[in-house]
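> Pasting the sequence and the predicted model now:
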Amino acid sequence: MKTFRLTVRGAPAGAVALAVVLAVVVLVPRAQASPASPAAEGGRATAGSSRGADASARLAGARRALDRRVAIPGTAWVTDPGTRRVVVTADPTVTGARLARLNEVAARLGDAVTVRRSTTRLTRFLAGGDGIRGGSVRCTLGFNVVKDGRPAFLTAGHCGKAVAEWSGTGGGPRAAVTETSVFPGHDYALARYTDGAARRSEVALRGGGTRAITRAGDAYLGEAVQRGGSTTGVHAGRVTGLDATVNYAEGRVTGLIETDVCAEPGDSGGPLFDGGTALGITSGGSGDCASGGKTYYQPVPRALRALGAGIG
């Protein structure tokens, strides 16, 4: 499988180049596509805006019901604004009584909910091998940041929960230590570099080369994106959903970006980006890069705000 590594330019002698993808990010306003709001005349909502509000309230109610009653590992859901339904995906591990409970809850919610089955398991993308390593765990570096004047990087929270010390190669010297990890609930971690050397803000591109990352922004539906990972390299696709909920075996993660970009074990923590904008950190998904798949990402702006991290 294709892997890639980016050496840090300008780092002092002996510094370890962890990179699979390197970036420093800053939050800035970002234009995004969004439908225009219906106009109101004389301060009164139009019939169209009233119907839209009713539909939004109905979908929000359906999601609350799912949150309360369907905490089943192997399921995920996201609101589809095109069909005005909450689409629930259940993987092959959801069977027997759990599948019956899911179908019962969905039936009670009526046409607000659609249940779909996936043919592959919904999972986090941890693996053993190259990338950023901690013991037997391999993940992917997401984006470089600076916190309190010190260089660090973002990766997935489930990676940070599993690894206290990181190296660039299996059995290599310690290059970073995990300072904060959040999982489940959200899925982000911050690891501090031990050598204190600044890292360039770059991500690897398909076909070679790099691109500078200059900001972090919120993803929008239909956005063309790329994802990098230490197992599969760089793949492209589009954002298919926002504010997705995923139920892993370890617990629920909310507020995720959903895409049709593939990923495989070892890609966890890797960057989702659009041009020079950092969008997300790879959390998990289903499928693979031979048959295609669906993947979920922790939004970068939310992680940066929570961590108090930013550009240096």
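Yep, that arrived.

> okay, CA-based contacts and neighbour counts for the rest of this
OK.

> the helices in the stretch 1-150 of the chain, which residues?
47-69, 96-108 (DSSP state H, counting those that start in this stretch).

> would you turn these into CSV with mean neighbour count, distance to Phe143 and mean pLDDT?
Output for these, formatted as CSV (neighbours: other C-alpha atoms under 10 Å; distance: least, C-alpha to C-alpha, whole Å; pLDDT from 0 to 100):
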stretch, mean neighbour count, distance to Phe143, mean pLDDT
helix 47-69, 15, 31, 83
helix 96-108, 14, 37, 96
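
> Val203 is nearest to which of the ones you listed?
Checking the helices of the stretch 1-150 of the chain against Val203 by C-alpha to C-alpha gives helix 47-69 as the closest, at 35.2 Å.

> Ok, which of the helices of the stretch 1-150 of the chain comes nearest Leu307?
helix 47-69 (26.0 Å).

> Compute the inter-axis angle for that closest one and helix 96-108.
Helix 47-69 runs at 160 degrees relative to helix 96-108, counting by axes from the mean of the first three to the mean of the last three C-alpha atoms, to 10 degrees.

> What is helix 47-69 packed up against?
Where contact means 3 or more C-alpha pairs under 8 Å, 6 or more residues apart in numbering; DSSP states H and E, helix 47-69 is packed against strand 85-90.

> What are the boundaries of the strands in the stretch 101-250 of the chain?
113-117, 123-124, 132-134, 137-139, 143-147, 150-155, 165-166, 176-182, 188-193, 202-204, 210-212, 215-216, 224-229, 233-248 (DSSP state E, counting those that start in this stretch).

> helices or strands next to the last one in the packing?
Spelled out, it's strand 233-248. strand 75-80, strand 224-229, strand 251-259.

> picking that back up, which of the strands of the stretch 101-250 of the chain has the lowest mean pLDDT?
With a mean of 81, strand 202-204 has the lowest mean pLDDT of the strands of the stretch 101-250 of the chain.

> I'd say Gly131 and Thr155 touch.
No: assessed by C-alpha atoms under 8 Å, Gly131 is found out of contact with Thr155, at 11.7 Å.

> shared neighbours, those two?
Here Gly131 and Thr155 have 139-141 as joint contacts, going by C-alpha atoms under 8 Å, 6 or more residues apart in numbering.

> Measure how buried Val146 is and give me the count.
24 (other C-alpha atoms under 10 Å).

> Does it touch Ala152 like I think?
Yes: with contact defined as C-alpha under 8 Å, Val146 counts as touching Ala152 (5.6 Å).

> Could you save the shared contacts of Gly131 and Thr155 as CSV and add columns showing neighbour count and distance to Ala60?
Below are the shared contacts of Gly131 and Thr155 laid out as CSV (neighbours: other C-alpha atoms under 10 Å; distance: C-alpha to C-alpha, whole Å):
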residue, neighbour count, distance to Ala60
Cys139, 33, 34
Thr140, 32, 34
Leu141, 31, 34
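
> Out of those residues, which comes closest to Pro184?
Set against Pro184, the nearest of the shared contacts of Gly131 and Thr155 by C-alpha to C-alpha is Cys139 (16.8 Å).

> what about Asp111, how many neighbours?
When counting by other C-alpha under 10 Å, one arrives at 13 neighbours for Asp111.

> so what's the closest residue to it other than its chain neighbours bridging to?
Using C-alpha to C-alpha, 6 or more residues apart in numbering and skipping residues adjacent in sequence, the residue nearest Asp111 is Arg85, 7.1 Å away. Using DSSP bridges, the beta-bridge partners of Arg85 come out as Asp80.

> So Arg85 sits against Thr114, correct?
Yes: taking contacts as C-alpha under 8 Å, Arg85 lies within contact range of Thr114: 6.7 Å.

> Of those two, which one has the most company?
Using other C-alpha under 10 Å, the more surrounded residue of Arg85 and Thr114 is Arg85, with 21 against 18.

> Contacts only, for the more buried one.
By C-alpha under 8 Å, 6+ apart, the contact set of Arg85 is 59, 79, 111-114.

> again, only using 7 Å
By C-alpha atoms under 7 Å, 6 or more residues apart in numbering, the contact set of Arg85 is 59, 79, 112-114.

> Please apply the same query to His186.
By C-alpha under 7 Å, 6+ apart, the contact set of His186 is 253-254, 298.

> Look up how far Ala290 lies from it.
28 Å (C-alpha to C-alpha, to the nearest Å).
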